[in-house]
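Colleague: coords below, sequence missing:
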């Protein structure tokens with residue numbers, strides 16, 4: 001009888017409500033459904049000593065977020081001595097490896113990986129550009145959503161009903177500068193002339209205090225704008241049921257889970273044009289991609305130009 005491998009999954013976050021934590025939990029669930037046990041270790045949330053012990057016991061390591069994993073290994077003064085797989089969450093290839101020094105620091109770690117997985121062709125292109133001829137080691141594994149992951153929270157449903165209007169516009173995103181969640185605020189203010197009952201809601205974990213302050217201040221100044229702190233992924237369906245439109249304003253994306261979730265809930269999606277969003281949205285077919293001109297968010301399809 002063949003014994004199962006001891007698989008260790010390294011992730012920056014697991015216990016929080018950040019995007020990396022959601023991705024890690026979904027990967028864990030998928031692995032367990034195959035019958036393969038997996039040990040999770042969150043190196044930003046748990047003691048380094050625990051991670052070092054788990055590394056010594058592992059047969060295979062799968063790490064989410066290239067740059068963060070590399071930095072934790074350096075800080076913990078340890079390394080990976082068994083075969084390992086790296087999965088890029090987005091920021092590491094959209095931001096980190098675009099910086100010459102960071103790309104150089106990460107090169108050996110990336111090239112020694114037995115396999116690298118990314119969510120889209122855009123991820124392959126960016127890694128291969130930073131590290132030529134790397135694409136032969138890269139596998140595209142698109143993100144997925146779990147339709148069974150939903151819980152009913154009567155208090156949350158009541159809160160959403162109390163903040164409902166026409167239309168209800170939702171941005172599900174962690175509060176980070178790269179998410180640019182206040183990008184379309186001026187346009188939404190102009191839309192209130194035509195839609196005075198409009199309601200605008202941002203939901204997501206506060207990951208950068210400065211961004212949180214800006215969002216809270218903007219919401220406090222507008223009766224039709226609201227911020228709700230991040231919730232567990234099982235509670236997110238209530239927000240999609242509330243929304244008439246979901247917007248993604250990110251400057252860059254790996255592959256946007258919120259967009260996939262909105263599509264699953266049959267909510268129209270409007271997303272900023274970037275590689276991650278383009279990996280999910282076919283403009284004009286299953287959503288709209290917008291770009292920026294001087295005053296408006298503009299659909300890339302000139303025949304459907306609109307304020308949003």
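Modeller: Thanks, I have the structure now. Nothing here was measured: the structure is a model prediction, and the numbers come from that model. Numbering: from 1, shown residues only.
Colleague: contacts and neighbour counts: CA atoms only from here.
Modeller: Will do.
Colleague: What helix or strand is the nearest residue to residue 10 once chain neighbours are set aside located in?
Modeller: Sequence neighbours aside, residue 63 is the residue nearest to residue 10 in space, at 4.5 Å (criterion: Cα to Cα, 6 or more residues apart in numbering). Assigned by DSSP states H and E, residue 63 belongs to strand 60-64.
Colleague: what separates that strand from the chain centre, distance-wise?
Modeller: For strand 60-64, the separation from the chain centroid amounts to 19 Å (computed by Cα atoms, centre = their mean, to the nearest Å).
Colleague: can you pull the buried residues of the helix or strand just after it?
Modeller: Next in sequence after strand 60-64, counting helices and strands by DSSP H and E, comes helix 66-75. Along helix 66-75, these residues count as buried under the neighbour rule (16 or more other Cα atoms under 10 Å): 66, 67, 68, 69, 70, 72, 73.
Colleague: Check whether the last one really touches residue 79, as I assumed.
Modeller: Yes - between residue 73 and residue 79 a contact is recorded at 5.8 Å, counting by Cα atoms under 8 Å.
Colleague: picking up where we left off before, may I have the residues that are in contact with the residue nearest to residue 10?
Modeller: Residues in contact with residue 63, defined by Cα atoms under 8 Å, 6 or more residues apart in numbering, are 9, 10, 11, 69, 84, 85, 86, 87.
Colleague: let's see 6 Å
Modeller: 9, 10, 86 (Cα atoms under 6 Å, 6 or more residues apart in numbering).
Colleague: wait, doesn't residue 41 sit right on residue 8?
Modeller: No - using Cα atoms under 6 Å, residue 41 is not in contact with residue 8; the gap is 7.3 Å.
Colleague: which residues are common contacts for those two?
Modeller: With contacts taken as Cα under 6 Å, 6+ apart, residue 41 and residue 8 have no neighbour in common.
Colleague: For the stretch 151-300 of the chain, just list every one of the helices.
Modeller: For the stretch 151-300 of the chain, helices defined by DSSP state H, counting those that start in this stretch occupy the ranges 154-162, 185-191, 209-220, 236-242, 257-264, 275-278.
Colleague: so how far is residue 283 from the closest residue to residue 247 other than its chain neighbours?
Modeller: Spatial nearest neighbour of residue 247, chain neighbours left out: residue 270 (4.8 Å); criterion: Cα to Cα, 6+ apart. According to Cα to Cα, to the nearest Å, residue 270 stands 9 Å off from residue 283.
Colleague: of these two, who's got more company?
Modeller: Taking neighbours as other Cα atoms under 10 Å, residue 270 and residue 283 compare with residue 270 leading, 24 against 18.
Colleague: quick one, strands of the stretch 1-150 of the chain?
Modeller: 7-11, 38-42, 60-64, 84-87, 115-118, 138-140 (DSSP state E, counting those that start in this stretch).
Colleague: So which of the ones you listed is nearest residue 244?
Modeller: Of all the strands of the stretch 1-150 of the chain, strand 115-118 sits nearest to residue 244, with 30.5 Å by Cα to Cα.
Colleague: Give the pairing partners of the closest one; include direction for each.
Modeller: strand 84-87 (parallel), strand 138-140 (parallel) (DSSP bridges).
Colleague: Least confident of these, on average?
Modeller: Lowest mean pLDDT within the strands paired with strand 115-118: strand 138-140, a mean of 91.
Colleague: What are the contacting residues of it?
Modeller: In contact with strand 138-140 (Cα under 6 Å, 6+ apart) are residues 116, 117, 118, 119, 120.
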